[in-house]
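J.: The sequence and its predicted three-dimensional model are supplied below.
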Amino acid sequence: MLFVVGVSILIGEIALGQKFRSAGPNAFGNIHKNLKWLGWAFAFGTFAILSYYIVVIGWSMDYLYYSIKALFT
């Protein structure tokens with residue numbers, strides 16, 4: 001699902017940014033004034049997803065640390 005939906009949205013957003021020479025919200029705003037919220041939705045969605053994955057990576061690093069520590073004690 002990530003490759004089907006996520007990559008296609010990513011390619012579309014990059015293409016719009018290149019065409020209008022601006023960031024996501026401004027690129028969607030250049031298409032139509034009422035679509036600027038869509039660019040902000042992508043930005044906030046990306047922030048929320050990355051925040052979740054950063055926590056999961058932190059847990060993984062914590063478990064790795066305690067696993068290695070248990071080997072030497």
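T.: Good, I have the coordinates.

J.: so how far is residue 44 from residue 35?
T.: Separation of residue 35 from residue 44 (C-beta to C-beta, to the nearest Å): 15 Å. The C-beta positions use only the backbone N, C-alpha and C, and glycine is treated the same way.

J.: which parts of the helix or strand where residue 66 lies are buried?
T.: When secondary structure is defined using DSSP states H and E, the element that contains residue 66 is helix 36-71. Residues of helix 36-71 classed as buried by neighbour count (16 or more other C-beta atoms under 10 Å): 36, 38, 39, 42.

J.: mind putting the residues you listed in a markdown table, distance to residue 17 and pLDDT included?
T.: Compiled in a markdown table, the buried residues of helix 36-71 are given as follows (distance: C-beta to C-beta, whole Å; pLDDT from 0 to 100):
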| residue | distance to residue 17 | pLDDT |
| --- | --- | --- |
| 36 | 14 | 86 |
| 38 | 13 | 84 |
| 39 | 9 | 82 |
| 42 | 11 | 82 |
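
J.: Can you tell me which of those is nearest residue 64?
T.: When the buried residues of helix 36-71 are compared for distance to residue 64 (C-beta to C-beta), residue 42 wins out at 32.3 Å.

J.: Looking at the residue nearest to the closest one when sequence neighbours are not counted now. What's its pLDDT?
T.: For residue 42, ignoring the flanking residues on the chain, the nearest one in space by C-beta to C-beta, 6 or more residues apart in numbering is residue 24 at 5.5 Å. Among the per-residue scores, residue 24 shows a pLDDT of 77.

J.: what does the one 5 residues further on give?
T.: At residue 29 the predicted local distance difference test score is 85.

J.: Great, nothing more from me.
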